[in-house]
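Visitor: Dropping a prediction and its sequence here:
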Amino acid sequence: MTKKIIDFGQAEKKAKERDSKINSIYEKLEGSSGLSEEERVIMLQVLSKMSGGEEYFIGKKKKPTDRVRFVQMITENIDYLCEIGYLTQPEKAFLFDISRFLEFKSNVIVEKNKDDDIKPNTASPSYLAKKLGKTRTSISKMMNELLEKGVLGVAETGVITEDGRACSARTWFVNPNILCNSPKDDIDRATQQIFSKALRNIKIEGNKKKHKLPIYLF
């Protein structure tokens, strides 16, 4: 049997030539102003015809970092609330602790769920107390204090979020103007309604001045 000898130098040369041709075609297609939507559609139709009717679409390859979960802190608002003394140190620590329990888009506080295909249950004070190593009494007290301040909120029974979650009076939300687990321009409408009047006229004990946040997302 004859062994096939691979010329790696030749293979690398062909790869570079291919890349050069791709770049050349790309530059011609893009030109000075790029392709219009109509031109993109025509290009896909040409590809489809050349391949015998196969369907094509233009998509962006996902990067590994696209799957990284994160919660955005609205730092200007948090800085301001800290400067005026609106939040206590334990409250700030609690908000950091619960940031990992926020549901995407709705900002509902939910239980951690290993199965992404199953909608997680809403998190109760008892659940959070167990997860954070605190007593239920202390967690419940903290949550009610933040509720009064407009940092946390609860839904009215019957409210349904855009992703279909049916809420009750025990469904807790975090104000997206403080912590936001959503695209800033696409926050759930139910969540926006719950916090529509929250943190608008902030009062500090012993001071008649009313404060407003530097930034409101809605």
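Guide: Structure's in. What do you need? Numbers count the residues shown, from 1 in each chain.
Visitor: Could you list the domains of this protein?
Guide: 8-59, 66-211 (automatic domain parsing).
Visitor: What are the boundaries of the helices in the protein?
Guide: For the chain, the helices defined by DSSP state H cover 8-30, 37-50, 75-83, 89-98, 125-132, 136-149, 189-194.
Visitor: To Leu179, which of the ones you listed lies closest?
Guide: Closest to Leu179 of those, according to C-beta to C-beta: helix 89-98, at 6.3 Å. C-beta: built from backbone N, CA, C; applies to glycine.
Visitor: re the thing from before, deepest in the core, which of the domains of the chain is it.
Guide: domain 66-211 (a mean of 16; mean count of other C-beta atoms under 10 Å).
Visitor: Quick one: distance of that one to the chain centre.
Guide: On the basis of C-alpha atoms, centre = their mean, to the nearest Å, domain 66-211 is displaced by 14 Å from the centre of the chain it belongs to.
Visitor: related to what we said a few turns ago, now the helices of the chain as a markdown table including mean pLDDT and distance to Ile178?
Guide: Listed next are the helices of the chain as a markdown table, based on pLDDT from 0 to 100; distance: least, C-beta to C-beta, whole Å:
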| stretch | mean pLDDT | distance to Ile178 |
| --- | --- | --- |
| helix 8-30 | 72 | 42 |
| helix 37-50 | 74 | 39 |
| helix 75-83 | 95 | 6 |
| helix 89-98 | 96 | 7 |
| helix 125-132 | 97 | 17 |
| helix 136-149 | 98 | 9 |
| helix 189-194 | 97 | 12 |
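Visitor: Columns distance to Phe104 on top of those, output as TSV?
Guide: Compiled in TSV, the helices of the chain are given as follows (distance: least, C-beta to C-beta, whole Å):
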stretch	distance to Phe104
helix 8-30	34
helix 37-50	29
helix 75-83	20
helix 89-98	15
helix 125-132	18
helix 136-149	21
helix 189-194	11
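Visitor: who wins for proximity to Trp172 among those helices?
Guide: The nearest among these, by C-beta to C-beta, is helix 136-149 at 6.7 Å.
Visitor: related to what we said a few turns ago, quick one: which of the helices of the chain is nearest Gly158?
Guide: helix 189-194 (10.6 Å).
Visitor: Which residues does the closest one contact?
Guide: 106-108, 153-155, 159-162, 167, 173, 176, 182, 218 (C-beta atoms under 8 Å, 6 or more residues apart in numbering).
Visitor: center of the protein - which residue?
Guide: Ranked by distance to the mean C-alpha position of the chain (C-alpha atoms, centre = their mean), the top residue is Ser182 at 3.3 Å.
Visitor: give me every residue that touches the residue nearest to that residue when sequence neighbours are not counted.
Guide: Spatial nearest neighbour of Ser182, chain neighbours left out: Lys105 (4.5 Å); criterion: C-beta to C-beta, 6 or more residues apart in numbering. Taking C-beta under 8 Å, 6+ apart, we find Lys105 in contact with 161-163, 181-183, 186-188.
Visitor: Can you give me the pLDDT of the residue nearest to the centre of the chain?
Guide: Each residue has a pLDDT score; the one for Ser182 is 94.
Visitor: got it, and Asn121?
Guide: pLDDT, read off for Asn121, is 94.
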